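Colleague: sequence plus predicted model, see below.
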Amino acid sequence: MSLERESTRSESKTRVLTHKDYRVIEKIGAGTFSEVMKVKNMKDGKHYACKTIKQSVGSVDQAHGLREVQAMKRLSPHPNILQLHELIYDKDTGTLSLICELMDMNIYEFIKGRQHPVSESKAKHFLFQLCRSLDHMHSRGIFHRDVKPENILIKNEVLKLADFGSCRSISSRPPHTEYISTRWYRAPECLLTDGHYSQKMDVWSAGCVFFEILSLSPLFPGRNELDQVNKIHEVLGSPDGTLLQKFKQSRAMRFDFPPRKGCGIPPLVPHCSPAGLSLLEQMLTYDPEQRISARAALQHTCFRELRVAERRVGLRRKGEGESSNTPASDQLWRLARQGRRQVRQQLKLEPLSRRHCPLELPKLNLGVPAHTLPAHTLPAHRGSLPAISKCHSRLNRPKEEPHHLKSFCMPRALERHPQDY
Ligand SMILES: Nc1ncnc2c1ncn2[C@@H]1O[C@H](COP(=O)(O)OP(=O)(O)OP(=O)(O)O)[C@@H](O)[C@H]1O
């Protein structure tokens with residue numbers, strides 16, 4: 001078997017190597033479109049994750065054109081983006097494998113079967129890193145479109161966003177016709193418009209993930225798209241007339257919701273601090289234009305301790321000439337924990353008016369082309385959950401509807417059963 005390996009850094013070099021370069025240790029994950037194995041590099045002795053794409057790829061050029069590969073190359077290196085080490089392409093079978101850094105587990109695995117809630121400081125530390133990865137991505141003109149616990153990987157308190165197979169260029173103009181995002185994490189604009197959504201959809205999904213880490217159950221576990229909208233309205237209420245009108249303008253079919261008041265988010269996470277709740281509510285704002293951006297989220301009061309700790313790590317690193325052995329994120333978390341009591345006391349002393357939630361618009365760097373394979377080689381949608389995922393709540397995690405359901409069934413269902421809302 002001849003395999004071609006291309007370093008992701010020097011794209012011009014292609015060399016033939018044998019399968020002996022990597023030894024498979026065990027299977028660690030599977031998705032609809034890939035299988036992921038833990039492998040050992042026989043040369044450097046290090047362990048990696050090898051993601052083998054199920055669909056065959058026609059050529060090395062096509063492999064480099066895959067949006068997942070393009071996005072990983074464009075976004076790396078970043079402390080919160082999964083690092084692509086190299087690509088391995090088997091000419092004979094058209095099999096493509098992405099050799100990536102190895103992580104311990106995904107966020108779903110981290111929370112499933114837990115008896116005790118994750119502390120808010122830990123959940124915030126994860127969310128901070130997730131917002132950093134999204135801000136980085138959005139500022140480079142790409143949005144992810146499938147942020148969910150299974151696509152967020154962790155190792156030693158460090159979080160990395162993974163699975164860039166659904167990502168899209170921010171500069172590509174809506175309507176987006178592909179079927180995207182996993183139902184429970186799908187933003188209202190994705191559910192209620194014909195593809196008129198943008199990077200704020202990632203912020204919604206991240207808000208759902210934050211809630212899930214805090215409460216150990218999904219916030220909007222819809223059984224289908226119609227039920228998904230219903231679940232959102234149970235909590236947030238139905239959108240007001242102006243917003244509804246805005247959504248309707250970008251949907252071919254008619255839909256109406258009788259006014260409904262939701263229960264709100266606070267009773268669902270009674271243990272969450274006011275600052276945590278404030279950020280959660282801003283991330284889960286129905287109107288994408290009013291929803292906080294990833295960049296503004298990073299400046300939220302909720303992350304003040306982490307920002308302070310980050311500055312301290314930065315200063316310490318500078319002082320040590322960047323030679324610390326402890327990962328920055330570990331140090332950050334430890335420092336944040338140390339400083340928490342101090343900050344809590346400060347917060348008690350501060351007048352309420354100072355606990356504001358600053359808003360700021362993201363700087364978007366437009367113009368990243370979306371690289372896609374021809375339709376016959378690229379899967380039409382990438383929304384389903386990995387086979388290894390098991391139900392951790394009373395409901396099964398969602399299996400995705402086929403593409404045609406997105407286009408036709410949802411509006412008809414809404415028209416036929418407006419009383420459901
Ligand atoms: N670098 C890694 N380190 C450790 N585990 C990983 C790594 N990459 C992927 N995994 C595991 O494999 C699972 C599937 O990976 P991934 O989501 O990238 O595949 P996919 O086929 O694109 O999935 P999907 O069906 O969501 O599109 C992840 O949820 C994770 O548990």
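Modeller: Sure, I can see it.
Colleague: number of residues surrounding residue 216?
Modeller: Taking other Cβ atoms under 10 Å as the criterion, the count of residues near residue 216 is 17. The way it works is simple: take the backbone N, C-alpha and C, and place the C-beta from them, glycine included.
Colleague: phi and psi next, for it.
Modeller: Backbone torsions of residue 216, given as degrees, to the nearest 10, read phi 70, psi 10.
Colleague: how near is residue 94 to residue 57?
Modeller: According to Cβ to Cβ, to the nearest Å, residue 94 stands 5 Å off from residue 57.
Colleague: show me which of the two is the more surrounded one.
Modeller: Per other Cβ under 10 Å, whichever of residue 94 and residue 57 has more neighbours is residue 57, with 23 against 16.
Colleague: isn't there a strand covering that one?
Modeller: No: counting by DSSP: H, G, I helix; E, B strand; the rest coil, residue 57 is not part of a strand but coil.
Colleague: any idea how far it is from residue 291?
Modeller: Taken as Cβ to Cβ, the span from residue 57 to residue 291 is 36 Å.
Colleague: again, but for residue 93
Modeller: Separation of residue 93 from residue 291 (Cβ to Cβ) stands at 44 Å.
Colleague: residue contacts, residue 36?
Modeller: 27-30, 49-52 (Cβ atoms under 8 Å, 6 or more residues apart in numbering).
Colleague: is it correct that it falls within a strand?
Modeller: Yes: under three-state DSSP, residue 36 falls within a strand.
Colleague: spatially, what comes nearest to it if we skip its sequence neighbours?
Modeller: Nearest residue to residue 36, sequence neighbours excluded (Cβ to Cβ, 6 or more residues apart in numbering): residue 29, at 3.9 Å.
Colleague: repeat that for residue 170.
Modeller: Per Cβ to Cβ, 6+ apart, closest to residue 170 is residue 141, 4.8 Å.
Colleague: with residue 259 instead?
Modeller: residue 238 is the one closest to residue 259 (Cβ to Cβ, 6+ apart), at 5.8 Å.
Colleague: next one: residue 282
Modeller: Nearest to residue 282 is residue 292, by Cβ to Cβ, 6+ apart, at 4.0 Å.
Colleague: the one you found - how many residues pack around it?
Modeller: Count around residue 292 with other Cβ under 10 Å applied: 26.
Colleague: pLDDT value on it, please?
Modeller: pLDDT, residue 292: 98.
Colleague: coming back round to it: pLDDT score for the residue nearest to residue 170?
Modeller: 97.
Colleague: what's around it, how many residues?
Modeller: Applying other Cβ under 10 Å, we find 20 residues neighbouring residue 141.
Colleague: do the same with residue 122
Modeller: Residue 122 has 17 nearby residues by other Cβ under 10 Å.
Colleague: how about it, secondary structure?
Modeller: Put simply, residue 122 is helix when judged by three-state DSSP.
Colleague: doesn't residue 285 make contact with the residue nearest to residue 282?
Modeller: Yes: counting by Cβ atoms under 8 Å, residue 292 sits close enough to residue 285 to count as a contact (7.1 Å).
Colleague: quick one: the closest residue to residue 130 other than its chain neighbours from residue 133, how far?
Modeller: Computed as Cβ to Cβ, 6+ apart, the closest residue to residue 130 that is not its neighbour in sequence is residue 206, at 5.2 Å. Using Cβ to Cβ, one gets 9 Å for the distance from residue 206 to residue 133.
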